[in-house]
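K.L.:
what follows is a predicted protein model with its sequence.
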Amino acid sequence: MSRAGVALPIVGGKPGAWRVLTPCSNTVTVTRGTLVAHGAVVLDPGHGGDEPGAIGPNGLTEAVLNLAVARNAQAALERAGYQVLLTHSTQYRMTLDARARVALGAGARAFVSIHHNAEPDGPFPKPGTETYYQIANPQSKRLAGLVYEEVARALAAYQVPWMADRDAGTKYRPGSTGDDYYGILRRSHGVPAALAELAYLTDPPEAALLARADVQQAEGEAVARGIIRFLTTSDPGSGFTEPYPRTEPAGGGGGPENCTDPPL
């Protein structure tokens, strides 16, 4: 961790002259910082800076919402005695590779990338929460199932007309090579990782709900409960579903193009 609070995975060098990867995937040398103990829980607030992600009809951006939920999850995990590292704790751009390298460098016991969704298929009788897991990692599948179970249960306490994809739940998504479609899961092989789409920010009733601080806290605490159960029990999780085939390309962003590193 740099003096400015930026998570920087070490890629070489030695104490006093560490070679690190910046949020924009540049390699630089730093002389001072704080080493993070191996085995932290790593949370990744999706998007950030000039990559806002989905935008609700109320103007709430996914980047702002994701970070708020991640901070709530961090607080809940720390209260339970866990060391937690956020891939980024303020609003700036970060590549998918840099996010994954933070988790790998920290030897993450669990790695969860927190998002909110857009473009649902239609109305749904319950929250349209989705979690994705690494295809070849059974522990990733269990982590995703437990996060899904806790988030879906927490959101079900609120009465709004929910939206969802028709295969909402805990699932995988293969890319054209058969590996994980989502870069954050594909690049983080080596640690149990899950990508969580908690609710639909583009749905007006859900956007109004997600703007509430108490709901952001409920989501964060639910993510934390799922992670704690993953680390302390053999519970399998739930919500497992067979995804329907998707052909649309991945959304833009997540690369180093036009990325400016924050002060380190």
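P.N.:
Cool, got the structure.
K.L.:
where does the stretch 151-264 of the chain dip in pLDDT?
P.N.:
By pLDDT under 70, the low-scoring segments of the stretch 151-264 of the chain are 250-252.
K.L.:
quick one, helices of it?
P.N.:
Assigned by DSSP state H, counting those that start in this stretch, the stretch 151-264 of the chain shows helices spanning 183-186, 204-210, 213-232.
K.L.:
make JSON lines from these and add distance to Gly39 to it.
P.N.:
All C-beta atoms are positioned from the backbone trio N, CA, C, and that covers glycine. Formatted as JSON lines, those follow (distance: least, CB to CB, whole Å):
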{"stretch": "helix 183-186", "distance to Gly39": "20"}
{"stretch": "helix 204-210", "distance to Gly39": "32"}
{"stretch": "helix 213-232", "distance to Gly39": "10"}
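K.L.:
quick one: closest of the ones you listed to Leu86.
P.N.:
Closest of those to Leu86 is helix 213-232, at 11.7 Å (criterion: CB to CB).
K.L.:
by contact count, what packs against that closest one?
P.N.:
Under the contact criterion of 3 or more CB pairs under 8 Å, 6 or more residues apart in numbering; DSSP states H and E, helix 213-232 touches strand 41-45, helix 62-79, strand 110-117, helix 138-155, strand 193-200, helix 204-210.
K.L.:
select, out of the ones you listed, the one closest to Gly169.
P.N.:
Of all the helices and strands packed on helix 213-232, helix 138-155 sits nearest to Gly169, with 6.5 Å by CB to CB.
K.L.:
follow-up on the earlier one: could you dump the helices and strands packed on helix 213-232 into JSON lines with mean neighbour count and distance to Leu21 added?
P.N.:
Listed next are the helices and strands packed on helix 213-232 as JSON lines, based on neighbours: other CB atoms under 10 Å; distance: least, CB to CB, whole Å:
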{"stretch": "strand 41-45", "mean neighbour count": "29", "distance to Leu21": "15"}
{"stretch": "helix 62-79", "mean neighbour count": "22", "distance to Leu21": "20"}
{"stretch": "strand 110-117", "mean neighbour count": "28", "distance to Leu21": "16"}
{"stretch": "helix 138-155", "mean neighbour count": "24", "distance to Leu21": "23"}
{"stretch": "strand 193-200", "mean neighbour count": "29", "distance to Leu21": "18"}
{"stretch": "helix 204-210", "mean neighbour count": "20", "distance to Leu21": "32"}
